[in-house]
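A.B. asks: Coordinates for the following, if possible.
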Amino acid sequence: MADVYRGRALVKGFAAGEVLISKEPISFFGDVDPDSGVIVKKGHELRGLSLSGKIFVFPYGIGSTVGSYIIYRLSKKGAAPSAIVNVQSEPIIVAGCVLAKIPLMDRLEVNPLEVLRSGYLVEVNCFKGELRVLSKKA
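C.D. replies: Reported below is the predicted structural model:
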C-alpha cells in the first residue's frame, strides 16, 4: 500500500511526477533561471538542476515579491514545477502558484523533507489535500 500524507491544499490541482527536494529555502527571483527553471544560485545544493516538470519540495520561499511573477513566467515557458510542496508556504509562493495554476500544498502531517527523497514518484492531489508516494526508487 502506498504512503499517503494529508496536508493543506492551497492551490487546487493534480500533478504526478518525480520529487526534487531542497532542504534549503529558495527565492525564485535570483535563485532560479526564469526561462529554463534551472537553479542558478551559487552554493545551492541543487545548483544546475531543473525544476521543470518536477514535484518541487522545499521548506519555504524567501525573497522578493517578484518571485511570484517568476513562477508565472516559468509556467508560460513550460519550465515550471508540476507541483510545489512546502513545509510552510508563504505569500510569494502562494501568489505565484495561483497565477501559474500550479498545485500547492503545505503543512503535511509529516515533514516532507524527512519522508520524501529526490527521485521518488508521487501524486499531489490538491483537490483532496493528499500526497501519495507511488515509488520510492530514487
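
A.B. asks: contacts and neighbour counts: CA atoms only from here.
C.D. replies: OK.

A.B. asks: Contact partners for Y120?
C.D. replies: With contact taken as C-alpha atoms under 8 Å, 6 or more residues apart in numbering, Y120 is in contact with E18, V19, V133, L134, S135, K136, K137, A138.

A.B. asks: Least confident of the residues you listed?
C.D. replies: Looking at the contacts of Y120 by pLDDT, the weakest one is A138, with 65.

A.B. asks: now that we have the contacts of Y120, which one has the most neighbours?
C.D. replies: For the contacts of Y120, counting by other C-alpha atoms under 10 Å, the largest number of neighbours falls to V19: 27 neighbours.

A.B. asks: Now do the helices in this structure.
C.D. replies: Taking DSSP state H, the helices of the chain run over residues 28-31, 66-77, 91-100, 112-115.

A.B. asks: Distance to N125, mean pLDDT and mean neighbour count for the ones you listed - can I get that in TSV?
C.D. replies: TSV is the format used below for those (distance: least, C-alpha to C-alpha, whole Å; pLDDT from 0 to 100; neighbours: other C-alpha atoms under 10 Å):
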stretch	distance to N125	mean pLDDT	mean neighbour count
helix 28-31	23	95	20
helix 66-77	19	97	21
helix 91-100	15	97	20
helix 112-115	15	96	14
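
A.B. asks: Can you check which of those helices gets nearest to G37?
C.D. replies: Nearest of those to G37, taken as C-alpha to C-alpha: helix 66-77 at 6.4 Å.

A.B. asks: Alpha carbons of stretch 45-54, as PDB, please.
C.D. replies: These are the backbone C-alpha positions of stretch 45-54, laid out as PDB (Å, rounded to 0.1, in the frame of the first residue of the first chain):
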ATOM      1  CA  GLU A  45      22.600  22.200  -3.100                       C
ATOM      2  CA  LEU A  46      20.600  21.900  -6.300                       C
ATOM      3  CA  ARG A  47      22.600  24.300  -8.500                       C
ATOM      4  CA  GLY A  48      22.400  23.200 -12.100                       C
ATOM      5  CA  LEU A  49      19.300  21.100 -11.700                       C
ATOM      6  CA  SER A  50      16.000  21.900 -13.400                       C
ATOM      7  CA  LEU A  51      12.600  22.300 -11.600                       C
ATOM      8  CA  SER A  52      10.800  21.800 -14.900                       C
ATOM      9  CA  GLY A  53       8.100  19.100 -14.500                       C
ATOM     10  CA  LYS A  54       9.200  18.100 -11.000                       C
END
